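> Just need the structure, nothing else, for what follows:
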Amino acid sequence: MIFSSTLKQLVAGMTMLAAWELLPRLGVVNPQFVPPLSAVVGAIVELFQTGELVKNSLVSLERAFGGLLLAVAVGFPLGLLLGGWFPRIQLAVEPLMELFAQANPVILAHIIIFFLGIGQAAKIFIIAWLCFWPIIFSTITGIHTVDPLLLKAAASLGLGRWRLFIWVVLPSAAPFMFTGLRLAAGYAFIMLIAAEMMGASSGLGWLVNKYQESYHVTRIFAGATVITFLAVSTDCLLRLIEKRVVVWDAAGSEGSLILDAAVRGH
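As a prediction, the model looks like this:
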């Protein structure tokens, strides 16, 4: 079943790439607007050889992962607090979170620039702001979906509040937390383009904007393709980490696995 699914995905991907190459060359799509894949790959190789691609990719990765890590450092702890495990803190902070969640970082760009300038800090903050919300809301959802019977069973083993939290609540919420993390990683690369068009002089978003002004279509597609590749690679990496970290079993044995871990930890 897994092999069949992988084969279908591979065939779909190859078909899309073949269409990207053939449709512009056959005139079905105007190559002035959508260049063929081979031309885009040639532009990527050319930018790589000049060193422009590597330099700007490293700058963009620093910004994207900087914003993502900042969102993780704040979002996961706050999501765990607001998930109801600590009700007093939840009551105090939840109204403010609902208010701030409606604020768009693009709309707030001028305020952000006023406090942080137009340098690296402002760009990382804008990316972090967008990444923060899927992380915190997915974490809250994960806490809310912890099986009460599982909590009662673990508590009957004599686990205190903190041990219960570490050995039962966190493993149960982990799949949702990783879902939020993967969504946030995708948002980081989406927001990266907008952030790097805001007073930047380096980065892949700046590179795309630079060639857009000179209407160098193949290099525009080259920059966009590299950004997409980095986003997909990050998602694949997080999937691999999730498979190794998350205690999850489709057959429904998750509860027994968590209880077993809790007993060993206790």
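> so what's residue 192 up against?
60, 63, 64, 127, 203, 204, 205, 227 (C-beta atoms under 8 Å, 6 or more residues apart in numbering). No exception for glycine: its C-beta is placed from N, CA and C like everyone else's.
> pLDDT at it, what is it?
Residue 192 is assigned a predicted lDDT (pLDDT) of 84.
> what do you get for residue 42?
On pLDDT, residue 42 comes in at 91.
> Quick check, it in contact with residue 218.
Yes. Between residue 42 and residue 218 there is a contact at 7.3 Å, judged by C-beta atoms under 8 Å.
> For the stretch 101-250 of the chain, just list every one of the helices.
Listed in chain order, the helices found in the stretch 101-250 of the chain under DSSP state H, counting those that start in this stretch are 109-116, 120-144, 148-156, 161-164, 170-196, 204-213, 217-245.
> Mind putting those into a markdown table with distance to residue 75?
Output for the helices of the stretch 101-250 of the chain, formatted as a markdown table (distance: least, C-beta to C-beta, whole Å):
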| stretch | distance to residue 75 |
| --- | --- |
| helix 109-116 | 18 |
| helix 120-144 | 3 |
| helix 148-156 | 23 |
| helix 161-164 | 21 |
| helix 170-196 | 8 |
| helix 204-213 | 23 |
| helix 217-245 | 15 |
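> what's the closest of the ones you listed to residue 22?
With respect to residue 22, and counting by C-beta to C-beta, the nearest of the helices of the stretch 101-250 of the chain is helix 217-245 at 15.9 Å.
> What angle do helix 170-196 and the closest one make with each other?
170 degrees (axes from the mean of the first three to the mean of the last three C-alpha atoms, to 10 degrees).
> what's helix 217-245 packed up against?
Helix 217-245 is packed against helix 37-50, helix 52-80, helix 170-196, helix 204-213, with contacts defined by 3 or more C-beta pairs under 8 Å, 6 or more residues apart in numbering; DSSP states H and E.
> So residue 194 versus residue 127, what's the distance?
9 Å (C-beta to C-beta, to the nearest Å).
> The two: which is more packed in?
Legend: neighbour count by other C-beta atoms under 10 Å for residue 194 and residue 127, higher for residue 127 (29 against 16).
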